[in-house]
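Participant: Sharing a model prediction with you, sequence too.
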Amino acid sequence: MKIVMVCLGNICRSPLAEGIMKTKLPENYIVDSAGTISMHEGEHPDKRAVKTASNHGIDISKQKSRPINTSDFETFDNIYCMDIGVYKEVISKAENEEQRRKVSVFLEAAGDHKNAEVPDPYWGDMNDFEEVFQLLDKGCTIIADQLKNIQHS
Ligand code: 4NP
């Protein structure tokens, strides 16, 4: 099973989601992340994201930003988008129905009816990053359970 977390820049939300999800799934699951823009390609995650993850014992410092590409729709089984704008952008790149079926909005997939979107903390402060961490942590717990159940059923 291979999954990829997608946000805009791949330096704040999806690197956190990748790091958190890796702690919740066995090692045979591949977890990656990507962005819809290539502006930060090759950069490590935002310092505030690295610090927030580190506060929770997770090291995301070695990740590198990359834009999503067409082969990701073949490589990955599930593609989780951090907000609706990202979802629309990703869906527009899918080439057929099978690829479109792989794409979901992360919090919708997690059944979070209160929050539809993981808010972009890029223009915010450390409190915003911590809030994002908590939202992602809850969502990842639920999605990790779903994925483990699929494999066993
Ligand atoms: P992310 O946050 O999508 O969670 O990685 C952002 C990172 C960079 C920008 C916007 C959002 N930016 O405009 O450069």
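Facilitator: Alright, I've got the coordinates.
Participant: use CA for all of it now, contacts and neighbours both
Facilitator: Will do.
Participant: so where's this structure uncertain?
Facilitator: Residues of the chain meeting the criterion pLDDT under 70: 151-153.
Participant: Show me what the biggest helix by length in it is packed up against.
Facilitator: The longest helix of the chain (DSSP state H) is helix 126-152. Of the remaining helices and strands, those touching helix 126-152 by 3 or more CA pairs under 8 Å, 6 or more residues apart in numbering; DSSP states H and E are helix 13-24, helix 47-55, helix 106-109.
Participant: Nearest to the ligand, out of those?
Facilitator: Judged by CA to the nearest ligand atom, the one of the helices and strands packed on helix 126-152 that comes nearest to the ligand is helix 13-24, at 3.8 Å.
Participant: returning to that earlier point: which parts of the longest helix of the chain are buried?
Facilitator: Applying a neighbour-count criterion of 16 or more other CA atoms under 10 Å, the buried positions in helix 126-152 are 128-130, 132-133, 135-137, 139-144.
Participant: from those residues, which single one is nearest Ser14?
Facilitator: Of all the buried residues of helix 126-152, Leu136 has the smallest distance to Ser14: 9.2 Å, by CA to CA.
Participant: From the ligand, how far off is the closest one?
Facilitator: Counting by CA to the nearest ligand atom, to the nearest Å, the gap between Leu136 and the ligand amounts to 12 Å.
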